[in-house]
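Participant: curious how this folds, go ahead:
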Amino acid sequence: GSNISILEENNFPNSLGKMYGAICRYLGYNGLTKEGKVMALSSFNKSKSSNLLDSLVIFESNKIFPKINQKYIEPGLSDKKPSIVTNDFIKKYGALSESSEKISSKHLLIAFELQILLERTISEILKRIFKKYNYNKIYLSGGVFLNCKANAALSNEFKNKMLVVSTFPHDGGLSIGAALLAALKQDRFIDTSLLPFSGVNLSNSKSLILFRKKKLFFFKSNKSNQAAAIAKAIIKFQIICFAQGRSEFGPRALGNRSIFADPRYNSVKKKLNERIKNREEFRPFAPLVLKKFIQDFTTQNHWTTNMSKTVLVRDEISEITPAIVHIDKTSRVQVIDENNGILEQILLEFQRITDVPILLNTSFNTKDTPIVNDEIDIVNCFMSLDVDILIMNEYFVFKEKDKMNRLKEILSLTIDDDGITPSS
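Facilitator: Numbering: from 1, shown residues only. Model prediction:
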């Protein structure tokens with residue numbers, strides 16, 4: 001049917017996202033990724049929660065959604081005037097440096113208490129919804145649900161309910177929702193089968209023009225042995241840029257615009273954070289795991305195909321793949337099923353060679369920039385990164401000819417003078 005009813009509303013300024021953002025700024029974090037940084041930081045606190053920030057949220061007995069206590073949080077109206085903590089907050093909790101470069105025990109404590117408050121608050125909202133409405137399945141959307149740590153905690157708590165997190169719960173997802181709502185009202189069908197891979201589809205002809213323009217070295221792989229060649233490239237170079245087909249819609253790199261790396265080395269994580277992603281050393285990286293091996297990876301069952309929830313990693317896996325395990329022994333896993341084409345094949349080949357069916361996956365971009373989209377984005381970003389190889393559809397692309405020739409030797413390919421086409 002085309003009838004959609006609004007059962008409950010939660011209006012500005014009572015936004016958990018605004019509250020979380022205000023505390024992020026108090027801790028010295030700004031920019032688009034501040035919430036993710038603070039979520040990661042929260043895992044480093046070792047003490048138990050003392051409900052330190054409970055006064056920021058006010059529940060009323062007859063309401064499902066809470067109010068944000070404006071005595072402590074000024075919600076802000078726009079990006080130019082964002083949410084901040086008030087003077088009363090600073091009087092109660094003390095001042096912190098505006099810089100996040102020096103992380104103190106207080107930073108860790110506040111980040112931890114903020115994360116606990118968010119999890120407890122959403123839990124209480126869900127309890128009130130389930131008490132009033134007899135639902136067994138609920139969809140969670142909104143930028144707050146990019147918090148994969150909270151999503152995991154909720155899934156653990158509500159094991160008898162199905163909690164589904166959208167692949168694009170952020171504000172950008174509103175465009176999909178608006179289109180679907182309009183189609184529903186007009187009784188029209190929208191094909192969503194491409195989602196989330198609904199962006200620019202890479203053109204080989206455009207790519208070749210760019211490779212030559214940038215004086216890059218490249219060769220074209222055979223489809224029959226492409227996955228094996230990619231797995232060997234990851235083992236040889238440890239870190240590769242990877243782009244195939246259509247770009248993802250949403251804030252997560254799900255394998256079409258990614259940087260892949262060998263998860264077996266902590267040095268890989270260090271290089272990614274320090275020299276490639278230029279971000280804080282405490283931030284974790286996510287793994288790709290084949291579905292048929294997921295029970296070997298974790299004992300938990302709330303894993304997803306869209307990186308929306310963290311899972312506890314088995315100790316024996318943590319030991320062999322340290323680059324994708326956070327300080328709290330969790331990973332924001334992306335499970336790859338048997339119908340995922342080249343990604344499944346790459347993981348199988350990587351496992352065949354290393355006995356590890358796991359790869360590190362992070363977004364193909366530089367600090368504070370969007371994930372690459374089209375051919376120009378991809379090549380320009382690759383040129384700016386400290387990474388030796390780009391795999392773009394079936395092309396293996398290099399900045400240095402000797403690096404290309406080294407991989408060709410490993411792959412038993414003829415080293416051609418023009419570096420364009422391997423022997424068959």
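Participant: so which elements touch the helix or strand of the chain with the lowest mean pLDDT?
Facilitator: Lowest mean confidence among the helices and strands of the chain (mean pLDDT, DSSP states H and E): helix 174-185, at a mean of 91. Taking 3 or more C-beta pairs under 8 Å, 6 or more residues apart in numbering; DSSP states H and E as contact, there are no helices or strands that helix 174-185 lies on. Glycine gets a C-beta too; all of them are placed from N, C-alpha and C.
Participant: return the set of buried residues in it.
Facilitator: By neighbour count on 16 or more other C-beta atoms under 10 Å, the buried set for helix 174-185 is Ile176.
Participant: restricting to C-alpha, output it in PDB.
Facilitator: Extracted in PDB, the C-alpha atoms of helix 174-185 (Å, rounded to 0.1, in the frame of the first residue of the first chain):
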ATOM      1  CA  LEU A 174      17.400  11.200   2.600                       C
ATOM      2  CA  SER A 175      17.600  11.500  -1.200                       C
ATOM      3  CA  ILE A 176      16.900   7.700  -1.500                       C
ATOM      4  CA  GLY A 177      14.100   7.900   1.000                       C
ATOM      5  CA  ALA A 178      12.600  10.900  -0.700                       C
ATOM      6  CA  ALA A 179      12.600   9.200  -4.100                       C
ATOM      7  CA  LEU A 180      11.100   6.000  -2.600                       C
ATOM      8  CA  LEU A 181       8.400   8.000  -0.900                       C
ATOM      9  CA  ALA A 182       7.500   9.900  -4.000                       C
ATOM     10  CA  ALA A 183       7.400   6.700  -6.000                       C
ATOM     11  CA  LEU A 184       5.100   5.100  -3.400                       C
ATOM     12  CA  LYS A 185       2.700   8.000  -3.500                       C
END
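Participant: please work out which residues outside it touch it.
Facilitator: Residues from elsewhere that reach helix 174-185, judged by C-beta atoms under 8 Å, 6 or more residues apart in numbering: Ser2, Ile4, Ser141, Phe168, Arg188, Phe189, Ile190, Thr192, Leu195, Phe249.
Participant: buried set for whichever helix or strand comes after that helix?
Facilitator: Downstream of helix 174-185, the first helix or strand assigned by DSSP states H and E is helix 204-213. Across helix 204-213, burial judged by 16+ other C-beta under 10 Å covers Ser207, Leu208, Leu210, Phe211.
Participant: now the strands for the stretch 251-400 of the chain?
Facilitator: For the stretch 251-400 of the chain, strands defined by DSSP state E, counting those that start in this stretch occupy the ranges 257-261, 286-290, 311-312, 330-331, 334-336, 358-363, 389-392, 395-398.
Participant: what is the rounded mean pLDDT of stretch 303-318?
Facilitator: Stretch 303-318 carries an average pLDDT of 97.
Participant: which parts of that stretch are buried?
Facilitator: Trp303, Thr304, Asn306, Met307, Ser308, Lys309, Thr310, Val311, Leu312, Val313, Ile317, Ser318.
Participant: can you name the two of these that sit furthest apart?
Facilitator: Asn306 and Ser318 (22.8 Å; C-beta to C-beta).
Participant: who's in contact with Ser83?
Facilitator: Contacts of Ser83 (C-beta under 8 Å, 6+ apart): Ser15, Lys18, Met19, Gly21, Ala22, Arg25, Ile73, Glu74, Pro75, Gly76.
Participant: now render these as CSV, adding distance to Ile259.
Facilitator: Shown next, in CSV, are those (distance: C-beta to C-beta, whole Å):
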residue, distance to Ile259
Ser15, 33
Lys18, 32
Met19, 32
Gly21, 27
Ala22, 32
Arg25, 29
Ile73, 36
Glu74, 38
Pro75, 36
Gly76, 33
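Participant: run a quick neighbour tally on Asn365.
Facilitator: 19 (other C-beta atoms under 10 Å).
Participant: phi first, then psi, for it.
Facilitator: Main-chain torsions, Asn365, degrees, to the nearest 10: phi -170, psi 170.
Participant: how much space is there between it and Thr304?
Facilitator: According to C-beta to C-beta, to the nearest Å, Asn365 and Thr304 sit 22 Å apart.
Participant: before we move on, back to that, Ala227: which of the buried residues of helix 204-213 is nearest?
Facilitator: The closest of the buried residues of helix 204-213 to Ala227 turns out to be Ser207 (C-beta to C-beta; 19.5 Å).
Participant: verify the contact between the closest one and Ile391 for me.
Facilitator: No - counting by C-beta atoms under 8 Å, Ser207 sits too far from Ile391 to count as a contact (11.3 Å).
Participant: could I get the contacting residues of Lys18?
Facilitator: Lys18 makes contact with Ile68, Ile73, Pro75, Gly76, Ser83, according to C-beta under 8 Å, 6+ apart.
Participant: run the last query once more with 6 Å
Facilitator: Residues near Lys18 by C-beta atoms under 6 Å, 6 or more residues apart in numbering: Pro75, Ser83.
Participant: now the element after the host helix or strand of it, going C-ward?
Facilitator: In this assignment (DSSP H and E), Lys18 forms part of helix 16-26. Once helix 16-26 ends, the next helix or strand along the chain (criterion: DSSP H and E) is helix 34-42.
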